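Student: let's see this in three dimensions:
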Amino acid sequence: MTTTTELAGSPPADGDAPARGSRSRRGSGGGLGSYLLIRFLLIFPTIFILVTTVFFLMRTTGDPITAALGGRLPADQLAERIHEAGYDRPLFVQYLDYLGSIAHGDFGTTLSDRRPVTEVLVTFGAATLELAVYALIVAFIVGIPLGLVAAYFRDRSADAALRVFAILCYATPVFFAGLLLKLIFSVWLGWLPVAGRASTGSEIQLQTLDHPTNIYLIDALRTGDGEIVRDVLEHAVLPAVALGLLTAGIFLRLVRTNVIGTLGAGYVEAARSRGVRESRLLRKHAYRPALIPIITVIGLQIALLLGGAVLTETTFEWKGLGFQLAQYLGARDFVAVQGIVAVLAVIVAVTNFIVDVIAALIDPRVRY
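Tutor: Below you'll find the predicted structure:
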């Protein structure tokens, strides 16, 4: 009787298995889809809040034209400029008009040099992007290998020294690191250029190219001149190191912590008990899982790099968005500042979304 009941009951049980698996797969896909949808929708309130905050903070000192040109124009001309720009209208009306302009891709015209803000963004944004990429490369090259070394020599003198190094990288102001690097490698040793993106001769040749990208390394490669390529790379070394070390310290600590956690996992202990060497355990079992947290925090580091780019570009006269932002702040050109900050907000929000997508695809636990 028992056997008959079991046999009779077995087909429905087998038939239920695909249904349960199907529901599980649908639930997993739904989890990923809803996670990505929520992350995508969060882009818009993030940008809205930041743009709104910057707009009203900029207006606490009055209208932009008075802030930028007050005392340099006669009162009647100043009033005429204010009226033409619409800054004598109610503040909320100006705010709605500003949001509408941004929605159509119009960020206004700078007050100090009368250039469209979009032109400033295109011209100088490439330089900031190039510096950020260099800095990330430095952060990966320095932070990840040293994090593995610190984990391998856990609680030894090498580990302690590397942890101190990581703290110094993160805690040292980027402008101070830049000045120190310039003093050592440019002034004392004379190995690298002190400032700029390229020498004057190289810049002239780069600007004569048809449709320059303003990413100097790409433009230098297009010239086919090895001396120009070398000149561009030499100018990039110190700014990239100064900004990259800021993030390298974070990567070092993350890799160290996660590798140590992985080396203590059960499957690693089982492999260790079979006589697998520590170096092989580190390379085969602990390295890849330790990279997942790095991917998840890259979005946050992009914001950190863009913030650090303002000081780095100013220190090294690297003419990117950070350098221009400092110039416009000094000139109290609030129109330019608002436009640059709005674009930086979009870049950070979109980068965070892309990183969230990659992290969710690599590690399903991120979705829940």
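Student: what's around residue 310, how many residues?
Tutor: Counted with other Cβ atoms under 10 Å, residues neighbouring residue 310 total 22. Glycine gets a C-beta too; all of them are placed from N, C-alpha and C.
Student: nearest residue to it in space, ignoring adjacent ones along the chain?
Tutor: In this structure, residue 310 finds its nearest non-sequential neighbour in residue 322, 3.8 Å apart by Cβ to Cβ, 6 or more residues apart in numbering.
Student: in contact with that neighbour, which residues?
Tutor: Taking Cβ atoms under 8 Å, 6 or more residues apart in numbering, we find residue 322 in contact with 128, 306, 309, 310, 311, 312, 313, 314.
Student: show the pLDDT at the third one.
Tutor: The model reports residue 309 with a pLDDT of 78.
Student: correct me, but it touches residue 130?
Tutor: No - assessed by Cβ atoms under 8 Å, residue 309 is found out of contact with residue 130, at 10.5 Å.
Student: of all the contacts of residue 322, which two lie farthest apart?
Tutor: Across the contacts of residue 322, no pair lies farther apart than 306 and 314, at 13.6 Å, counting by Cβ to Cβ.
Student: neighbour-wise, which of these two wins?
Tutor: The neighbour count for residue 306 versus residue 314, taken as other Cβ under 10 Å, is higher for residue 306 (22 against 18).
Student: I'd like the next helix or strand past the strand or helix carrying that one.
Tutor: Here residue 306, judged by DSSP states H and E, is contained in helix 287-316. Per DSSP H and E, helix 287-316 leads on to helix 321-330 as the next helix or strand towards the C-terminus.
Student: mind listing what's buried in that following helix?
Tutor: By 16 or more other Cβ atoms under 10 Å, the buried positions in helix 321-330 come out as 321, 322, 323, 324, 325, 328.
Student: what sits against the closest residue to residue 345 other than its chain neighbours?
Tutor: Closest residue in space to residue 345, ignoring its immediate chain neighbours: residue 50 at 4.3 Å, by Cβ to Cβ, 6+ apart. Neighbouring residues of residue 50 by Cβ under 8 Å, 6+ apart: 341, 342, 345.
Student: remind me which residues of the stretch 51-200 of the chain are low pLDDT?
Tutor: Within the stretch 51-200 of the chain, the stretches with pLDDT under 70 are 61, 67-72.
Student: check the stretch 251-368 of the chain too.
Tutor: Along the stretch 251-368 of the chain, the parts satisfying pLDDT under 70 run over 283-292, 296, 299-300, 303, 362-368.
Student: secondary structure element holding residue 210?
Tutor: Remark: residue 210 resides in no helix or strand, with elements defined by DSSP H and E.
Student: and the residue nearest to the spatial centre of the chain, how far from residue 344?
Tutor: The centroid of the chain falls nearest to residue 302 when counting by Cα atoms, centre = their mean (1.2 Å). As judged by Cβ to Cβ, to the nearest Å, residue 302 and residue 344 stand 10 Å apart.
Student: ok, now residue 212?
Tutor: Distance of residue 212 to residue 344, given as Cβ to Cβ: 23 Å.
Student: ok, back up a step: any idea how far the residue nearest to residue 310 is from residue 306?
Tutor: Using Cβ to Cβ, residue 322 is found at 7 Å from residue 306.
Student: what touches both of the two?
Tutor: residue 128.
Student: and residue 105, that's in a strand?
Tutor: No - per DSSP: H, G, I helix; E, B strand; the rest coil, residue 105 lies outside any strand segment and is coil.
Student: contacting residues for it?
Tutor: Neighbouring residues of residue 105 by Cβ under 8 Å, 6+ apart: residue 118.
Student: residue boundaries of the helices in the stretch 151-300 of the chain?
Tutor: Using DSSP state H, counting those that start in this stretch, the helices found in the stretch 151-300 of the chain span residues 157-171, 174-181, 200-207, 216-223, 226-263, 266-273, 278-281, 287-316.
Student: so can I have JSON lines of the ones you listed showing distance to residue 107?
Tutor: Shown next, in JSON lines, are these (distance: least, Cβ to Cβ, whole Å):
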{"stretch": "helix 157-171", "distance to residue 107": "33"}
{"stretch": "helix 174-181", "distance to residue 107": "27"}
{"stretch": "helix 200-207", "distance to residue 107": "24"}
{"stretch": "helix 216-223", "distance to residue 107": "25"}
{"stretch": "helix 226-263", "distance to residue 107": "25"}
{"stretch": "helix 266-273", "distance to residue 107": "52"}
{"stretch": "helix 278-281", "distance to residue 107": "53"}
{"stretch": "helix 287-316", "distance to residue 107": "17"}
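Student: out of those helices, which is the most enclosed?
Tutor: Across these, the average number of neighbours (mean count of other Cβ atoms under 10 Å) peaks for helix 226-263, which reaches a mean of 22.
Student: same for it, what does it pack against?
Tutor: Applying 3 or more Cβ pairs under 8 Å, 6 or more residues apart in numbering; DSSP states H and E, one finds that helix 226-263 contacts helix 117-152, helix 157-171, helix 174-181, helix 200-207, helix 216-223, helix 287-316.
Student: okay, those in a markdown table with distance to residue 233 next?
Tutor: A markdown table is the format used below for the helices and strands packed on helix 226-263 (distance: least, Cβ to Cβ, whole Å):
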| stretch | distance to residue 233 |
| --- | --- |
| helix 117-152 | 9 |
| helix 157-171 | 22 |
| helix 174-181 | 16 |
| helix 200-207 | 11 |
| helix 216-223 | 7 |
| helix 287-316 | 14 |
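Student: isn't residue 179 right up against residue 315?
Tutor: Yes - counting by Cβ under 8 Å, residue 179 touches residue 315, with 6.4 Å between them.
Student: give me the common contacts of residue 309 and residue 130.
Tutor: Listed as contacting both residue 309 and residue 130 by Cβ under 8 Å, 6+ apart are residue 320.
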